[in-house]
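>>> structure here, sequence nowhere to be found:
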């Protein structure tokens, strides 16, 4: 269970990091668009940061890559939840098998103690017969 919790925490952390990266990428894309529009209206900005001209196809490809990556992370998290359910099922089965084994050992122990008790009673009976003769 601790492993599953650790995995979930790791996946949640990774998902939040991906969200941060996507937010920064979107902000960068918005900044690029704003700068492109500003450069179209005013070609001379002395203090403007270095601007890259990105073709719309490239921008859309970047957005698509980021969206696909986010979906991939979400799908892997769903798969992990499925595996966690399977792990829990297997752990439950292991516990049941262990309990079954323990019950068989206890039954064998009870039978052995019963046989020992019968043997001891037989020995005590023989001693009593010898003492009375």
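Nice, I can see it. Given the structure is predicted, the values throughout are model-derived calculations rather than measurements.

>>> so who does the residue of the chain positioned farthest from its centre touch?
Distance from the C-alpha centroid of the chain peaks at residue 133, with 76.6 Å (C-alpha atoms, centre = their mean). If a contact means C-beta atoms under 8 Å, 6 or more residues apart in numbering, then residue 133 has no contacts. For every residue, glycine as well, the C-beta is placed using N, CA and C.

>>> let's have the chain start at 143 instead
In the new count, where the first residue is 143, that last one comes out as residue 275.

>>> what pLDDT does it get?
What the model reports as pLDDT for residue 275 is 70.

>>> for residue 269, see how far away it is.
Distance, residue 275 to residue 269, using C-beta to C-beta, to the nearest Å: 11 Å.

>>> residue 222 reaches residue 149, doesn't it?
Yes - in this structure, residue 222 is within contact of residue 149 by C-beta atoms under 8 Å, at 5.7 Å.

>>> roughly how far does the residue farthest from the centre of the chain sit from residue 266?
Taking C-beta to C-beta, one finds residue 275 at 15 Å from residue 266.

>>> which stretches of this protein form helices?
Ranges of helices within the chain are 144-183, 198-274, based on DSSP state H.

>>> what's the least confident stretch among those helices?
helix 144-183 (a mean of 80).

>>> now do it: which elements does it pack against?
helix 198-274 (3 or more C-beta pairs under 8 Å, 6 or more residues apart in numbering; DSSP states H and E).

>>> counting by contacts, list what the helix it packs on packs against.
Counting by 3+ C-beta pairs under 8 Å, 6+ apart, helix 198-274 packs on helix 144-183.
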